[in-house]
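Colleague: Build me a model from this:
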Amino acid sequence: MRRALTAAIAALTVTTAGTVVTGTPGQAALPGWGRPKPAAATPTPGSPGLGDSYFPDYGNGGYDVGHYDIRLRYEPATDRLSGTTTILATATQDLSRFNLDFLLGVESVRVNGWPATFAREGVHELAVTAPRPILKGQQLTVVVKYAGIPSETLVQGYTGWTRVADGALAVNEPESAWWWFPSNDHPKDKATWDISVSVPTGVEVISNGVQPRDPLPEAGNRTRWSWRSVKPGATYQAFLAIGQYDIVTDTAPNGQPVVNAYSTTLGERGPAARASIERTAEVVDWESGLFGPYPFEAQGGVAGPVDGIGFALETQSRPVYGHSFWRRGANVSVVVHENAHQWFGDSVSVADWRNIWLNEGFASYAEWLWSEEQGEGTAQELFDFTYASYPADSEFWQVLPGDPGAGDIFADAVYDRGAMALHQLRLAVGDEAFFRILPAWTAEHRYGNGTIAQFQALAERISGRDLDAVFTTWLFTAGRPEVATAARGTLAAPAQPKSWAEIQEAHRLLQH
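Modeller: Numbering: from 1, shown residues only. Below is the predicted model:
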């Protein structure tokens with residue numbers, strides 16, 4: 001993500017109890033039925049949060065989601081959204097009830113076909129009590145029918161749904177799903193998606209992944225758009241872009257479909273947006289050589305409308321860019337940044353939001369590597385420039401990229417000092433080890449989650465060096481580090497980055 005603001009929501013504790021009925025009246029006796037049976041466990045409520053250190057009430061306990069089927073109807077003229085989401089999940093404990101993260105008005109909930117009772121708990125929690133006991137390991141089909149006006153559904157004056165003149169954008173981080181589909185909203189519970197939206201004919205709907213079928217005409221002069229993601233992702237990476245878009249399709253060098261979409265409101269910024277986003281397949285091909293195989297089934301990008309968002313987000317398989325990124329002309333760097341997130345943030349997601357450096361520091365450093373590749377400045381030159389840009393007494397140096405705090409997860413230090421930290425790691429271990437660490441990380445945690453401690457352990461294992469000084473100095477110590485001593489104890493003489501030609505040749509040899 002490039003520079004967004006988020007609302008931090010207060011956590012509320014939910015308590016309830018339930019019982020489970022064992023045995024079946026009238027059932028014939030089975031061998032062993034005469035012996036005493038162990039007491040059945042008493043089902044308990046799933047937790048109303050996963051205990052994230054920054055956002056403890058995000059996500060829910062007691063179940064694991066495998067798939068979301070999201071079927072919606074949207075009215076651009078009124079911003080009314082209605083629909084049904086079907087959640088396929090597995091219980092991870094005996095449950096008396098469970099929570100979903102959701103804000104819109106709910107009409108009904110069914111669990112495995114049976115009507116369930118539900119109640120609003122706190123700000124964004126929907127507590128669901130099933131009519132029958134839920135046992136650990138049981139498959140759950142949860143069907144939620146709902147409707148509302150997302151842009152008018154506020155949390156402390158804030159909405160993650162952006163209404164625009166010709167439609168809407170469901171794009172935000174770290175929370176986004178609350179305004180358009182019920183979910184287990186934390187990166188630790190990844191799932192696949194089917195997303196379909198009915199809109200008036202002539203309105204386009206862009207989302208993640210591939211289109212399993214062409215837009216389908218419906219009664220009432222409407223059209224239904226369908227999208228499918230077959231690789232698991234975090235809920236905030238699902239998105240909708242609804243409105244007037246020009247859609248450009250192509251095929252990437254690896255054979256995958258490329259779908260790019262441009263708001264018709266971009267005007268004079270349109271050519272700059274196209275000159276940037278149309279290089280997505282090239283950028284992904286280059287990044288695949290550094291970070292490992294591209295982890296998703298499709299590529300592309302969405303250039304949002306002029307009255308839309310003011311940031312860019314790494315929505316899975318197809319980033320969404322705010323219009324301001326094209327105000328000075330083409331900007332391939334932001335395309336590099338958001339597509340680097342497909343590895344660092346999307347495929348490998350944070351296990352806890354305090355580890356946000358694993359997303360933003362890596363995507364920012366990818367911009368520096370692209371600059372090297374393009375001959376527009378080495379990573380060392382960019383490090384020196386960035387380091388000099390922030391005086392020693394700047395508040396910038398007081399934010400810790402490795403633990404920035406809930407209110408600063410998108411602070412400049414997470415991005416810029418985060419990139420500087422990776423450059424210092426590169427200097428400490430040398431290019432040969434550094435460019436083995438990056439694809440090893442994405443391979444080891446593919447479609448999963450990771451922590452900074454795990455990344456440090458991997459870097460130390462591959463490099464054979466104690467890197468505690470580098471990580472402590474650049475990620476967890478306030479103040480402007482002394483560059484000359486930052487990597488002390490890791491190398492007698494810090495290795496200098498190789499030329500880009502040498503890096504590419506090293507990768508060619510490693511891959512063969």
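Colleague: Please identify which helix or strand holds the residue nearest to residue 162 when sequence neighbours are not counted.
Modeller: Nearest residue to residue 162, sequence neighbours excluded (CB to CB, 6 or more residues apart in numbering): residue 169, at 4.3 Å. Every residue, glycine included, has its C-beta placed from N, CA and C. Assigned by DSSP states H and E, residue 169 belongs to strand 167-170.
Colleague: Can you pull out the residues in contact with that strand?
Modeller: 74, 76, 79, 150-151, 160-162, 176, 179-180, 199, 203, 238-244, 304-305, 308-309, 320 (CB atoms under 8 Å, 6 or more residues apart in numbering).
Colleague: Could you measure from the residue nearest to residue 162 over to residue 437?
Modeller: 35 Å (CB to CB, to the nearest Å).
Colleague: of those two, who's got more company?
Modeller: residue 169 (27 against 19; other CB atoms under 10 Å).
Colleague: Make sure residue 449 is indeed in a helix.
Modeller: No - Residue 449: not assigned to a helix; according to DSSP: H, G, I helix; E, B strand; the rest coil it is strand.
Colleague: Show me what it is bridged to.
Modeller: Beta-bridge partners recorded for residue 449 (DSSP bridges): residue 349.
Colleague: Tell me, how many residues neighbour it?
Modeller: Residues near residue 449, counting by other CB under 10 Å, number 19.
Colleague: just residue 198 next, same as before
Modeller: By other CB under 10 Å, the residues close to residue 198 number 22.
Colleague: again, but for the one 4 residues further on
Modeller: A total of 10 residues lie near residue 202 under the criterion other CB under 10 Å.
Colleague: And residue 99, by the same measure?
Modeller: 27.
Colleague: go on, residue 271?
Modeller: When neighbours are counted by other CB under 10 Å, residue 271 comes out with 14.
Colleague: So for the helix or strand harbouring residue 455, mean pLDDT?
Modeller: Here residue 455, judged by DSSP H and E, is contained in helix 452-463. The average of the pLDDT scores along helix 452-463 is 98.
Colleague: Give me the packing partners of that helix, helices and strands only.
Modeller: helix 357-374, helix 412-429, helix 431-444, helix 468-475 (3 or more CB pairs under 8 Å, 6 or more residues apart in numbering; DSSP states H and E).
Colleague: Recalculate using a threshold of 6 Å.
Modeller: helix 431-444 (3 or more CB pairs under 6 Å, 6 or more residues apart in numbering; DSSP states H and E).
Colleague: quick one: contacts of the helix it packs on?
Modeller: Outside helix 431-444, the residues that touch it by CB atoms under 6 Å, 6 or more residues apart in numbering are 291, 292, 343, 348, 426, 458, 459, 462, 463, 497, 498.
Colleague: got the CA coordinates for it in PDB?
Modeller: Only the C-alpha atoms of helix 431-444 are listed here, as PDB (Å, rounded to 0.1, in the frame of the first residue of the first chain):
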ATOM      1  CA  ASP A 431      24.400  -9.800  -2.700                       C
ATOM      2  CA  GLU A 432      24.800 -13.600  -3.200                       C
ATOM      3  CA  ALA A 433      23.100 -14.300   0.100                       C
ATOM      4  CA  PHE A 434      20.600 -11.400   0.000                       C
ATOM      5  CA  PHE A 435      19.200 -12.400  -3.400                       C
ATOM      6  CA  ARG A 436      18.800 -16.000  -2.100                       C
ATOM      7  CA  ILE A 437      17.000 -14.800   1.000                       C
ATOM      8  CA  LEU A 438      14.200 -13.000  -0.800                       C
ATOM      9  CA  PRO A 439      12.800 -16.000  -2.900                       C
ATOM     10  CA  ALA A 440      13.500 -18.400   0.000                       C
ATOM     11  CA  TRP A 441      11.200 -16.300   2.200                       C
ATOM     12  CA  THR A 442       8.400 -16.200  -0.400                       C
ATOM     13  CA  ALA A 443       8.700 -19.900  -1.000                       C
ATOM     14  CA  GLU A 444       8.800 -20.900   2.700                       C
END
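Colleague: Hey, what's the angle from it to helix 452-463? Just curious.
Modeller: Relative orientation of helix 431-444 versus helix 452-463 (axes from the mean of the first three to the mean of the last three CA atoms, to 10 degrees): 130 degrees.
Colleague: Show me what counts as buried in helix 431-444.
Modeller: 431, 433, 434, 435, 436, 437, 438, 439, 440, 441, 442 (16 or more other CB atoms under 10 Å).
Colleague: Would you pull up how far it lies from the middle of the chain?
Modeller: Chain-centre distance of helix 431-444: 21 Å, with CA atoms, centre = their mean, to the nearest Å.
Colleague: Now do the contacts for residue 87.
Modeller: Listed by CB under 6 Å, 6+ apart, the contact set of residue 87 reads 65, 68, 142.
Colleague: One more pass at 8 Å, please.
Modeller: 65, 67, 68, 69, 100, 140, 141, 142, 143, 144, 182, 183.
Colleague: Show me those residues that map onto strands.
Modeller: 65, 67, 68, 69, 100, 140, 141, 142, 143, 144 (DSSP state E).
Colleague: Most neighbours out of those, which is it?
Modeller: Result: residue 100 is most packed of these (other CB under 10 Å), 28 neighbours.
Colleague: and that one, what are its bridge partners?
Modeller: Going by DSSP bridges, residue 100 forms beta bridges with residue 126.
Colleague: okay but it is in contact with residue 184, surely?
Modeller: Yes - counting by CB atoms under 8 Å, residue 100 touches residue 184, with 7.1 Å between them.
Colleague: Could you name every residue contacting both of those two?
Modeller: By CB under 8 Å, 6+ apart, the residues touching both residue 100 and residue 184 are residue 60.
Colleague: was I right about residue 143 contacting residue 106?
Modeller: No - using CB under 8 Å, residue 143 is not in contact with residue 106; the gap is 11.1 Å.
Colleague: So for residue 476, what's the nearest residue that isn't a sequence neighbour?
Modeller: Here the residue nearest residue 476, using CB to CB, 6+ apart, is residue 402, at 4.7 Å.
Colleague: separation between that neighbour and residue 355?
Modeller: 8 Å.
Colleague: shared neighbours of those two, anything?
Modeller: Counting by CB under 8 Å, 6+ apart, the shared contacts of residue 402 and residue 355 are residue 452.
Colleague: Report the contact partners of residue 354.
Modeller: Per CB under 8 Å, 6+ apart, neighbours of residue 354: 53, 54, 402, 403, 404.
Colleague: pretty sure the last one is touching residue 411, no?
Modeller: Yes - using CB under 8 Å as the test, residue 404 is close enough to residue 411 to be in contact (5.6 Å).
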